[in-house]
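*Asks:* just a sequence and a predicted model for now, questions to come.
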Amino acid sequence: MSNNVLIVAEGKAEGLRKVSFELVNAAQQLARDLGGAVEGAVVGNQVGAWAEQLAKTGVAKVYVVDNAGLENFAPESYASALAEIIRAAAPAIVLFGASGWGKEVSARTAAKLGWGLATDCTDAKIENGALVLTRPIYAGKAIAHVRAKSFPVMVSVRPNIVPPVEAESPAAPIEQIAVTLKEPRARVVEKVENAKSKVDLGEASIVVSGGRGVKGPEGFAPVEELADALGGAVGASRAAVDAGWIDYTHQIGQTGKTVAPKLYIAAGISGAIQHLAGMSSSKVIVAVNKDPDAPIFKIADYGIVGDLFQVLPALTQEIKKLG
């Protein structure tokens with residue numbers, strides 16, 4: 001086993017996802033404290049462009065499994081491919097993003113290799129030679145500090161917790177890993193695009209969120225209209241999701257997604273600590289609430305005390321005039 005930290009990149013049609021660059025940043029300090037280097041892993045079908053992009057982020061090396069058997073997302077196949085990379089790289093720590101993809105693949109890969117896995121972590125550091133992790137528990141009501149007993153270990157890190165690396169470095173070497181994949185037990189029959197997912201919430205530069213103040217599922221209409229006008233994504237508080245007004249995939253907070261957009265508009269959200277934990281890193285926060293004493297105003301850069309059902313349509317109308 002080396003003292004290196006291996007990050008597992010995620011991609012999409014346009015290139016690597018932002019969480020991949022965040023993982024590189026998170027891995028750099030861990031690798032320095034361990035006296036090792038940061039390396040990257042890319043798996044999929046026709047992922048050469050992703051590997052080349054990752055190679056310029058400051059990693060020492062990129063391992064790639066580029067296999068036609070990974071064209072469709074079969075978690076067991078991806079886990080098998082990653083297991084081969086990990087055996088070849090022999091890292092002390094493997095970092096995944098705590099996305100849906102990362103949670104699924106990390107769990108299967110850890111089980112396949114017999115490694116420990118700490119999930120949904122918000123911080124990771126080396127203390128006295130041991131890996132110490134921070135993660136929310138009990139639906140975000142408490143924070144646990146977990147110490148890994150030994151290495152190697154796998155960790156999934158929440159997106160938008162660590163800033164992404166920005167500087168482009170000289171390209172690192174790329175090593176192709178050959179694998180033979182078994183036919184997955186689950187077969188993809190059909191792919192249906194989710195028409196509602198116009199913008200990826202986790203990577204959106206603008207997010208408009210609704211809370212208990214929207215009063216019902218129909219109350220998300222002005223939220224969605226403003227988000228569409230701004231080219232942003234729709235978010236929600238846990239209260240709105242628990243009420244069944246909107247799907248959990250939109251939930252922001254300690255028990256949902258963590259976002260860090262350039263602009264975050266909170267409509268009808270009081271500002272519970274659990275929600276603030278998922279959006280307080282936003283560059284500019286605008287709060288719309290009828291209650292002038294709502295906690296959300298304490299962290300907002302701009303506040304509008306008013307009825308969201310009047311304010312949001314007016315904003316949407318003005319945005320459309322500018323467009």
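*Replies:* Yep, that arrived. Just so you know, these numbers come straight off a predicted model, no measurement behind them. Numbering: from 1, shown residues only.
*Asks:* hey, let's count contacts and neighbours off CA atoms from now on
*Replies:* OK.
*Asks:* got the domain ranges for this protein?
*Replies:* 5-176, 201-322 (automatic domain parsing).
*Asks:* so which of these gets nearest residue 182?
*Replies:* Closest approach to residue 182 among those (Cα to Cα): domain 5-176, 7.3 Å.
*Asks:* redo the domains of the chain as TSV? Include mean pLDDT, mean neighbour count and distance to residue 182.
*Replies:* Listed next are the domains of the chain as TSV, based on pLDDT from 0 to 100; neighbours: other Cα atoms under 10 Å; distance: least, Cα to Cα, whole Å:
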stretch	mean pLDDT	mean neighbour count	distance to residue 182
domain 5-176	94	19	7
domain 201-322	95	20	32
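*Asks:* now the ones you listed in a markdown table, with distance to residue 186?
*Replies:* Formatted as a markdown table, those follow (distance: least, Cα to Cα, whole Å):
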| stretch | distance to residue 186 |
| --- | --- |
| domain 5-176 | 7 |
| domain 201-322 | 24 |
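*Asks:* between these, which one is closest to residue 189.
*Replies:* domain 5-176 (10.2 Å).
*Asks:* picking that back up, mind checking which of the domains of the chain is nearest residue 188?
*Replies:* Of all the domains of the chain, domain 5-176 comes closest under Cα to Cα, at 7.1 Å.
*Asks:* and the domains of the chain: which comes nearest residue 187?
*Replies:* domain 5-176 (7.9 Å).
*Asks:* could you pull out the helices in the stretch 101-250 of the chain for me?
*Replies:* 221-230, 238-242 (DSSP state H, counting those that start in this stretch).
*Asks:* turn those into CSV, including distance to residue 117.
*Replies:* As requested, these are arranged in CSV below (distance: least, Cα to Cα, whole Å):
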stretch, distance to residue 117
helix 221-230, 36
helix 238-242, 26
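*Asks:* and those: which comes nearest residue 141?
*Replies:* Using Cα to Cα, the helices of the stretch 101-250 of the chain put helix 238-242 closest to residue 141, at 12.9 Å.
*Asks:* name the residues that touch the closest one?
*Replies:* When contacts are defined by Cα atoms under 8 Å, 6 or more residues apart in numbering, helix 238-242 is touched by residues 210-212, 216, 246-248, 250-253, 255-256, 275.
*Asks:* output it in PDB with nothing but the alpha carbons.
*Replies:* Only the C-alpha atoms of helix 238-242 are listed here, as PDB (Å, rounded to 0.1, in the frame of the first residue of the first chain):
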ATOM      1  CA  ARG A 238     -36.900  19.700   4.000                       C
ATOM      2  CA  ALA A 239     -40.300  20.900   5.300                       C
ATOM      3  CA  ALA A 240     -41.600  21.200   1.700                       C
ATOM      4  CA  VAL A 241     -40.200  17.800   0.800                       C
ATOM      5  CA  ASP A 242     -41.600  16.100   3.900                       C
END
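*Asks:* what's the offset of it from the middle of its chain?
*Replies:* Helix 238-242 sits 20 Å away from the centroid of its parent chain (Cα atoms, centre = their mean, to the nearest Å).
*Asks:* so for the spatially most central residue of the chain, what's the nearest residue that isn't a sequence neighbour?
*Replies:* Geometric centre of the chain, nearest residue: residue 159, 2.9 Å, by Cα atoms, centre = their mean. Nearest residue to residue 159 in three dimensions, chain neighbours excluded: residue 19, at 5.5 Å (Cα to Cα, 6 or more residues apart in numbering).
*Asks:* and if you look at residue 283?
*Replies:* Nearest to residue 283 is residue 262, by Cα to Cα, 6+ apart, at 4.7 Å.
*Asks:* what residues are up against that neighbour?
*Replies:* If you count contacts by Cα under 8 Å, 6+ apart, then residue 262 has 205-206, 282-284 around it.
*Asks:* what about those, which are in strands?
*Replies:* 206, 284 (DSSP state E).
*Asks:* return the member of the contacts of residue 262 nearest to residue 152.
*Replies:* Once Cα to Cα is applied, the member of the contacts of residue 262 that ends up nearest residue 152 is residue 282, at 33.8 Å.
*Asks:* correct me, but the closest one touches residue 260?
*Replies:* Yes: Residue 282 is in contact with residue 260 according to Cα atoms under 8 Å; the separation is 4.3 Å.
*Asks:* tell me the contacts of the residue nearest to residue 118 when sequence neighbours are not counted?
*Replies:* Spatial nearest neighbour of residue 118, excluding adjacent residues (Cα to Cα, 6+ apart): residue 155 at 4.8 Å. Residues near residue 155 by Cα under 8 Å, 6+ apart: 93-96, 117-121.
*Asks:* for residue 244, same thing?
*Replies:* By Cα under 8 Å, 6+ apart, the residues touching residue 244 are residue 217.
*Asks:* what about it, distance to residue 216?
*Replies:* 8 Å (Cα to Cα, to the nearest Å).
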